[in-house]
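K.L.:
Predicted structure and sequence below. I'll ask about it afterward.
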Number of protein chains: 4
Amino acid sequence: MTVRTAVAGASGYAGGELLRLLAGHPEVEVGALTGNSNAGQRFGALQPHLVPFADRVLEETSADVLRGHDVVFLALPHGQSAAVAEQLGDGVLVIDCGADFRLSDAADWERFYGTPHAGTWPYGLPELPGARAALRGSKRVAVPGCFPTAVSLALVPAYAAGLAEPEAVIVAATGTSGAGKALKPHLLGSEVMGSMSPYGVGGVHRHTPEMVQNLSAAAGRRVSVSFTPTLAPMSRGILATCSAKAAPGTTAEQLRACYEKAYQDEPFVTLLPEGQWPATASVQGSNAVHLQVAHDADADRLIVVGAVDNLTKGTAGGAVQSMNIALGMDEGLGLSTIGVAP
Amino acid sequence: MTVRTAVAGASGYAGGELLRLLAGHPEVEVGALTGNSNAGQRFGALQPHLVPFADRVLEETSADVLRGHDVVFLALPHGQSAAVAEQLGDGVLVIDCGADFRLSDAADWERFYGTPHAGTWPYGLPELPGARAALRGSKRVAVPGCFPTAVSLALVPAYAAGLAEPEAVIVAATGTSGAGKALKPHLLGSEVMGSMSPYGVGGVHRHTPEMVQNLSAAAGRRVSVSFTPTLAPMSRGILATCSAKAAPGTTAEQLRACYEKAYQDEPFVTLLPEGQWPATASVQGSNAVHLQVAHDADADRLIVVGAVDNLTKGTAGGAVQSMNIALGMDEGLGLSTIGVAP
Amino acid sequence: MTVRTAVAGASGYAGGELLRLLAGHPEVEVGALTGNSNAGQRFGALQPHLVPFADRVLEETSADVLRGHDVVFLALPHGQSAAVAEQLGDGVLVIDCGADFRLSDAADWERFYGTPHAGTWPYGLPELPGARAALRGSKRVAVPGCFPTAVSLALVPAYAAGLAEPEAVIVAATGTSGAGKALKPHLLGSEVMGSMSPYGVGGVHRHTPEMVQNLSAAAGRRVSVSFTPTLAPMSRGILATCSAKAAPGTTAEQLRACYEKAYQDEPFVTLLPEGQWPATASVQGSNAVHLQVAHDADADRLIVVGAVDNLTKGTAGGAVQSMNIALGMDEGLGLSTIGVAP
Amino acid sequence: MTVRTAVAGASGYAGGELLRLLAGHPEVEVGALTGNSNAGQRFGALQPHLVPFADRVLEETSADVLRGHDVVFLALPHGQSAAVAEQLGDGVLVIDCGADFRLSDAADWERFYGTPHAGTWPYGLPELPGARAALRGSKRVAVPGCFPTAVSLALVPAYAAGLAEPEAVIVAATGTSGAGKALKPHLLGSEVMGSMSPYGVGGVHRHTPEMVQNLSAAAGRRVSVSFTPTLAPMSRGILATCSAKAAPGTTAEQLRACYEKAYQDEPFVTLLPEGQWPATASVQGSNAVHLQVAHDADADRLIVVGAVDNLTKGTAGGAVQSMNIALGMDEGLGLSTIGVAP
């Protein structure tokens, strides 16, 4: 089986990571690479690490260019995916790495994104309860946000098992690639290196309602989320420190058993042995998720820490994993659990 | 007035930072520099950035060597300060950068440190209510831990004003210098760069009871603390993200007003203008504390983020500031609010 | 064809990178993993990024354990390879990532390494003239040093074509993984981050005679090498800035044509388009070599800058590439030209 | 004596560093802060680390605003300084951190900068032979480029003593702040972290003729310079690796003696003890220069490695040092030899 793929938004970080993974996928052929501001440029000048594509020329993003592929990955600014998908029609598997189809609640969407809600597509986080079934055979996939990927995998088992009270507190550090290639002063190397800083504090980050949606679905009741993202001096990686008050009577043993059970058959999620904590370097460039749990008896809180690569499992890896499922291929094709460390 | 000072533990990071500050202090003369494993070595080989001391030779730490100074700074491993201080007697101002005399509760001490409690000294965080008065004229100072410095300054005003519920959740990223110069595999540059990882998770970090102590004192009732430290790929700096459920009826305006009032006369603490968030680079090498507050209406939580340099305000700067107060000098001598950025 | 491999020294950085590559090699099966100081430990505690091997236990390095594999990779301290290889016998392909068999001149070896010369094995840098032929069918391979890999690929074409005078000046920055996992104070993250420093200055670095050997072979006369390595604040990557006086009459056009021709059929070496310079991030985790050349008309010097990943093309990737050739497999199996960027 | 100063270009990195130093200068008062694109903004939003100036408002750069100060520092884009200086007149000490008045050869200027030559001012590198005398009482100072500062201090003694052949080869790594705050894709944190890359290769970097000028003046004959700058993953610091063929008969002892003598009375230059090599972290934020020398007997070359902070000694520190000399104050006022390490 050879799957012909196209990447719209190929000059950005998500697009580049998609190409890195697709180039190593045994059943995939890479067709059109598109962009807008950089259309017409030699691809090697834009993404010098993607040597096999260096002599390609970036095309303008349009349905005409994207048509004729089996799978089209969209790594576009928010708000552009619906129109492209509609033009491509139902015969093409469209995998949207943007936010447009992640939220099921239109009011949440409009409050956080300020535009009309485009709809909801099957959610590309196969490890969530019911997600794999929804992805199989689907022609549309909404890839989760990078933070919601880490946070949902960290907290859903506890909520699904009733071990945590419905108020989650999350502080997550991200590498700067999460902010994309936009030229903003605070993203300059001189500003970022040697510095940690928060942003989007106080419940305003757009990934917050997505976390609320996933955790609430698991808990069967509304879970509130206090989410603070911080920018760390590294290119890649998310370390999500997640906690919640323990449900009455929850023990450390129960907690550990719950996560062992939840992820025992998941190929990309590792609950580390007791005493070993996740580090983002260990999952760099991989589709792996590393988790560890603890119960703080004094504060009576559960702490779950998760590490993912924001560009791989947090975006492009999740997209490829979802494609594999949607097309009925082996879920792990083209993906690795091995990080590029040190 | 010329104050003659000695530094015990001068070859470590805290000791080095003390010397950097003392060298720029207009009323201070630096006498003995001591260490143990490195005694006898040329100081320039140990701390090449401290050029004015390069030709000194590190002496063995002993009361004999330390005696004869007006002020002795101790940057020693935990458990060694009491004996040295006793030998030096009451005539010498002893400023302990270690943990030995920070906790007032002997049971807390014994639980977290595993040795008998040595006692309690005036606490070198002048911005806390009542702390300046206790420091004035004192011959003993316990310099706070670096995390408790950041966290206490971030949360004490809210607790003192009754704006927060007594369960604080704190995630704080620290630069690697906080772990000292010990040769441990996870502190190698190859492991640290490009990586974030947590440690001491689940209520076991030794700075936890110190935070509980300070926040409880402010609140007038026991405050529980869930504290997760993370190691960030930078040499210096702490970014503490602190939150707590808002007390009923607390508004964003109240919160901001509370912090404005608490710190309006504090020379080293800046509540940033609305919309601007702290970054550790801005306080690097300085005694400054940058704070920002938010109220997350959805989660009904207060979020306070604080940035300090762990070696300066978090250790050596706090020590010098306390010395200035103890000796009746201008509190800001030898200290700066200007960070070395970018 | 399934090739059964073992890795001696699997807990170090070179060993870990070998395993990362071997795990993705379609014709390879990974057998014994050995080490010494860490023998008996769960492998996941030593190399947490290598998830598929996490439950393995590190064995003691010995011929008994290593025997029974088709290929044995040695990532051992200098001086240990000869004995192991002899015990394994001629039926096993032994690929030594150490220095023991790289130098053909016994006097050079003894001067720089201080021990008796063990011999010379076919040199695992297939891009050098004649190297591929020597590797085909060989049962022994000496993997080049990481710096000589970058420097030889950067300068050999110019010397082979007679475009450069026989005095090369090389300054090369390396990531800290090049220094291994040894616990040395100057390798601590706190020391490395935000800092550049040289080491082994003045002709004393052990990779110098290896460069002299390779460049002299290409030039057909002795080439002297002034080599200064510097330690850069990054985990991986070598950027080698190489220059030499131009041979009389050499032009920029000649220079460029020379490199185009030299590498036009090399799968892992890319001469970048004019105006684009190598960056180590572009080759991170890949077996790619990026080169660019210039002629400084004022100083009348050729400048060639090369970027490699010290652990991949500079060690483990070169080893796998050599294995592929030695065993008659496709040279690129298990290797990629795509870097993990950003 | 109170010196009233103004800084034009205060929102950039050089301007910020000037303010950091001037704020700690005991004889200086800081008057106008000007900029152009950011004029009208609260200064704290632009340079949050400069707390004492946070409530200032950036003014438009104009002679009217700058007039009325004793000293005006210009940190402007190239080409703008001459007009401002002329309007300010001869009564004001004008210290130009830009390139406009550094080169004495008009043809060099025009070739490298493409505009008419504005003239030549006394050169603000006091450690060069004759430079102090020219600075004393001067009303104009041209602050050297950051690379020429490091390189000239590294190589001038050898050339002045006739120990080196007139062809210097220099590779210098710089922190990203050397490239300023301009929003360019290759300066994004995601691109810079974990990566080394060269730029301005082949004799085209604008600092090259300035090095040629300084080294030639020392040698008494034209010295050619092959200069390759590289961008390192750090915010600050220059590590310059400089070499040249040794003059016939030069010995390691002569070389060391030459540098000891050249810098024995220089307050900011340290020739490190034998065996110890410079690291940029050791000079971070300081006006110190660390040097080490070696003679490579095989290649018969002198190697001199120098470390400076590009923003301090390389720009703002050199400017303040020059101001002190020009005004007849103690040369070291407001400056330190102590780096902010680790």
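P.N.:
Structure's in. What do you need?
K.L.:
So which residues of chain A form helices?
P.N.:
Listed in chain order, the helices of chain A (DSSP state H) span A:13-23, A:43-46, A:63-66, A:81-88, A:106-113, A:131-135, A:146-160, A:189-192, A:208-219, A:252-263, A:317-326.
K.L.:
So which bits of chain A are right by chain C?
P.N.:
Residues of chain A lying near chain C by Cβ under 8 Å from any Cβ of the partner chain: A:13, A:16, A:20, A:23-24, A:42, A:44-45, A:47-52, A:54, A:177, A:193-194, A:235-236, A:270, A:272-273, A:276, A:279, A:281-286, A:288, A:290, A:336-342. Any C-beta I mention is one placed from the backbone N, CA and C, and that applies to glycine too.
K.L.:
Also within reach of chain B: list those from those residues.
P.N.:
A:M193, A:G194, A:S235, A:R236, A:A279, A:A281, A:S282, A:Q284, A:P342.
K.L.:
Most widely separated two among those residues?
P.N.:
Largest separation among these by Cβ to Cβ: A:G194 and A:S282, giving 22.6 Å.
K.L.:
was I right about A:A164 contacting A:K245?
P.N.:
Yes: under the criterion of Cβ atoms under 8 Å, A:A164 makes contact with A:K245 at 6.9 Å.
K.L.:
Can you pick out the residue with more neighbours from the two?
P.N.:
A:A164 (28 against 20; other Cβ atoms under 10 Å in any protein chain shown).
K.L.:
in the sheet, who's paired with that one?
P.N.:
On the basis of DSSP bridges, A:A164 is bridged to A:A246.
K.L.:
As JSON lines, the ones next to chain B among the residues of chain A next to chain C with pLDDT would be great.
P.N.:
Below are those laid out as JSON lines (pLDDT from 0 to 100):
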{"residue": "A:M193", "pLDDT": "98"}
{"residue": "A:G194", "pLDDT": "98"}
{"residue": "A:S235", "pLDDT": "98"}
{"residue": "A:R236", "pLDDT": "98"}
{"residue": "A:A279", "pLDDT": "98"}
{"residue": "A:A281", "pLDDT": "98"}
{"residue": "A:S282", "pLDDT": "98"}
{"residue": "A:Q284", "pLDDT": "98"}
{"residue": "A:P342", "pLDDT": "97"}
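K.L.:
could you pick out which of those residues are near chain D?
P.N.:
Filtering those for proximity to chain D (criterion: Cβ under 8 Å from any Cβ) leaves A:M193, A:G194, A:S235.
K.L.:
Return the closest of those with respect to A:A172.
P.N.:
For these, the nearest to A:A172 is A:S235 (16.0 Å; Cβ to Cβ).
K.L.:
Could you tell me how many residues sit around that closest one?
P.N.:
Look at A:S235: counted by other Cβ under 10 Å, it has 29 neighbours.
K.L.:
And it, how far from A:G178?
P.N.:
Going from A:S235 to A:G178 by Cβ to Cβ, to the nearest Å gives 10 Å.
K.L.:
Tell me the buried residues in stretch A:193-203?
P.N.:
Residues of stretch A:193-203 classed as buried by neighbour count (16 or more other Cβ atoms under 10 Å in any protein chain shown): A:M193, A:G194, A:S195, A:M196, A:S197, A:P198, A:G200, A:V201, A:G202, A:G203.
K.L.:
Straight-line length of it, end to end?
P.N.:
Distance between the boundary residues of stretch A:193-203 (Cα to Cα, to the nearest Å) amounts to 26 Å.
K.L.:
Check stretch A:315-333 too.
P.N.:
First-to-last residue span, stretch A:315-333, Cα to Cα: 16 Å.
K.L.:
thought A:S336 was touching A:S286?
P.N.:
Yes: between A:S336 and A:S286 there is a contact at 5.2 Å, judged by Cβ under 8 Å.
K.L.:
of these two, who's got more company?
P.N.:
For A:S336 versus A:S286, neighbours defined as other Cβ under 10 Å are more numerous around A:S286 (25 against 21).
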